[in-house]
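**Q** could you work out the structure for the sequence below:
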Amino acid sequence: MIMLESTGILSFIAQKFVDFLSYTGFANLEWGNLIMIAVGAFFIWLAIKKDFEPLLLIPIGLGIILGNIPFKSAGLEIGLYEDNAVLNFFYQGVKLGWYPPLVFLGIGAMTDFSALIANPKLMLIGAAAQFGIFGAYMIALAIGFEPNQAAGIAIIGGADGPTAIFLSSKLAPNLMGAIAVCAYSYMALVPVIQPPVMRLLTTKNERLIKMKPSRSVSETEKILFPIVGLLITTFVVPSGLPLLGMLFFGNLLKESTKTTRLAKTAGSALNDIVVMLLGLTVGCSTQASEFLTWDTIFIFFLGATAFVIATASGVCFVKIMNLFLSKKNKINPLIGNAGVSAVPMAARISQNIGLEYDSHNYLLMHAMGPNVAGVIGSAVAAGVLLGFLS
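**A** This next block holds a predicted model:
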């Protein structure tokens, strides 16, 4: 009897051990998982070794690795797409669009719109750069994407990850993982993509243009700007209210000087928490079975195309503006790249390239004008697409 019981126990243990092995990552590993894990490791390498937007790429890179650990769930509720799983709870902020407005709240609380207020015509450069979005939209339609999918892909051209997530969650949820990773990847690679386009489209004399100092902006103007900006943009594009409302709310917290503590929280602690969760869950959403498709390849191609079109549109628009401006009011075309929404990355690129040709030509503050206009412009473009296609 004892021997029979011992045999039964050993058989039970052996069976459970075999079951345990079948649940391990080694038993469920596929080539796609290895490829995506390598991609995640590459993102982390870019962030640490090359200093390419580490606050974005490290969470996304680790998320890609985490999302591609192979397993057989068997009701353990540990996967990103499983109900009641912790990761699924975090992912709702991406899926339902909670995170992007919170990010815009933080952006508004950190952003100084003085350069744009001092020189309102720089808003036109931010608007011109949005041609990248609509150009990519037309190309996506021509390739064969459905209108809603094309819109989600095209918004990558705004160089604004939160906006891309917000719009794709509404119009193309099945492509949201690829769109989000593509948007954030190209945001980090703006220093690689934009400079060749800027040099190609400008002459040496144009790069040496020195812009006159901006006028001082009063406190009253700074306080009125988010209120007036909110009214104008949301009356024109009510569908952009979640993003634009939070952007201008955050800026009002900053500029009112009466809610400094709230502005600091929105721009630091709250923003950091949201960016961590956003990056991690976006990375986790890139399971190999869903991510390694031809659609993803096309999305990355269209994303790069959109960035190039946006950069070229901004630079060329400045060149056209200069035809109608007096010599003392001419704008350096190198700030045209800053019309995209990557703040302050794109403005720093304008500054760095300008200093290459004249070590005393400081373009940063001028470039911040179209750069912050690009933030508003991408949100407005998203609102237009959402209102048009809903």
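**Q** centroid residue for the chain?
**A** Closest to where the C-alpha atoms of the chain average out (CA atoms, centre = their mean) is residue 161, at 1.6 Å.
**Q** wait, that residue touches residue 56, no?
**A** Yes: with contact defined as CB atoms under 8 Å, residue 161 and residue 56 form a contacting pair (7.2 Å). Glycine gets a C-beta too; all of them are placed from N, C-alpha and C.
**Q** overlap of the contact sets of the two?
**A** Jointly contacting residue 161 and residue 56 under the rule CB atoms under 8 Å, 6 or more residues apart in numbering are 184, 187.
**Q** helices and strands around the host helix or strand of residue 63, which ones?
**A** In this assignment (DSSP states H and E), residue 63 forms part of helix 54-67. Applying 3 or more CB pairs under 8 Å, 6 or more residues apart in numbering; DSSP states H and E, we find helix 54-67 packed against helix 31-49, helix 176-188, helix 269-284.
**Q** so which elements touch the shortest one?
**A** Judged by 3+ CB pairs under 8 Å, 6+ apart, the packing partners of helix 176-188 are helix 31-49, helix 54-67, helix 86-95, helix 147-154, helix 161-171, helix 269-284, helix 288-291, helix 294-322.
**Q** if we use 6 Å, what do you get?
**A** Other elements packing on helix 176-188 under the criterion 3 or more CB pairs under 6 Å, 6 or more residues apart in numbering; DSSP states H and E are helix 54-67, helix 161-171, helix 294-322.
**Q** centre of the chain to the longest one, how far?
**A** The gap between the average C-alpha position of helix 294-322 and the chain average comes to 15 Å, counting by CA atoms, centre = their mean, to the nearest Å.
**Q** closest one to residue 116 among the helices and strands packed on helix 176-188?
**A** helix 294-322 (14.4 Å; CB to CB).
**Q** give the next helix or strand downstream of that closest one.
**A** Defined by DSSP H and E, the subsequent element after helix 294-322 is helix 345-357.
**Q** next structured bit after that next one?
**A** That would be, after helix 345-357 and using DSSP H and E, helix 364-389.
**Q** buried set for that next one?
**A** Across helix 364-389, burial judged by 16 or more other CB atoms under 10 Å covers 364-386, 389.
**Q** ok, stretch 129-146 next?
**A** 129-137, 139-141, 145.
**Q** which other residues reach that stretch?
**A** 150, 153-155, 157-158, 302, 305-306, 309-310, 313-314, 339-340, 374, 377, 381 (CB atoms under 6 Å, 6 or more residues apart in numbering).
**Q** let's see it at 8 Å
**A** 147, 149-151, 153-158, 298, 302-303, 305-311, 313-314, 317, 336-337, 339-340, 370, 374, 377-378, 380-381, 385.
**Q** from residue 269, how far out is residue 55?
**A** Distance check for residue 55 against residue 269: by CB to CB, to the nearest Å, it reads 14 Å.
**Q** my bad, residue 234
**A** Taken as CB to CB, the span from residue 234 to residue 269 is 27 Å.
**Q** point out where the protein drops to low pLDDT.
**A** Applying pLDDT under 70 to the chain picks out residues 1-7, 73-75.
**Q** and stretch 87-106, what's buried?
**A** 87-88, 90-91, 93-95, 97-106.
**Q** my error: substitute stretch 47-57 in the last question.
**A** 47, 52-54, 56-57.
**Q** so of those, which two are at opposite extremes in space?
**A** Top of the distance list for the buried residues of stretch 47-57 (CB to CB): 52 and 56, 8.5 Å.
**Q** what sits in contact with each of the two?
**A** Joint contacts of residue 52 and residue 56 (CB under 8 Å, 6+ apart) are residue 188.
**Q** helix 31-49 and the helix holding residue 63, what's the angle between them?
**A** The directions of helix 54-67 and helix 31-49 differ by 160 degrees, with axes from the mean of the first three to the mean of the last three CA atoms, to 10 degrees as the criterion.
**Q** which one of the buried residues of stretch 129-146 is nearest residue 202?
**A** Once CB to CB is applied, the member of the buried residues of stretch 129-146 that ends up nearest residue 202 is residue 129, at 15.4 Å.
**Q** rewinding a little: adding distance to residue 348, write the helices and strands packed on helix 176-188 out as a markdown table.
**A** Below are these laid out as a markdown table (distance: least, CB to CB, whole Å):
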| stretch | distance to residue 348 |
| --- | --- |
| helix 54-67 | 15 |
| helix 161-171 | 18 |
| helix 294-322 | 14 |
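**Q** of these, give the one that comes closest to residue 76.
**A** Per CB to CB, nearest to residue 76 of the helices and strands packed on helix 176-188: helix 54-67, 15.2 Å.
**Q** now that closest one: buried residues?
**A** 54, 56-67.
**Q** which residues touch it?
**A** 36-37, 39-44, 46-48, 80, 161, 181, 184-185, 187-188, 275-276, 278-287.
**Q** filter these to the buried ones?
**A** 36-37, 39-40, 43-44, 46-47, 80, 161, 181, 184-185, 187-188, 275, 278-287.
**Q** ok, back up a step: gap between the residue nearest to the centre of the chain and residue 198?
**A** Residue 161 is 22 Å from residue 198, by CB to CB.
**Q** residue 178 too?
**A** Going from residue 178 to residue 198 by CB to CB gives 28 Å.
**Q** between these two, which is the more surrounded one?
**A** residue 178 (26 against 22; other CB atoms under 10 Å).
**Q** these two touch, right, that one and residue 287?
**A** No: at 11.1 Å, residue 178 does not count as touching residue 287 under the criterion of CB under 8 Å.
**Q** mind listing what's buried along stretch 26-38?
**A** 32-33, 36-37.
**Q** ugh, wrong one, stretch 262-269
**A** 262-263, 265-267.
**Q** try stretch 196-212
**A** 197-199, 201-202, 206-207, 209, 211.
**Q** what's the closest of the residues you listed to residue 123?
**A** Of the buried residues of stretch 196-212, the one sitting nearest to residue 123 (CB to CB) turns out to be residue 211, at 15.9 Å.
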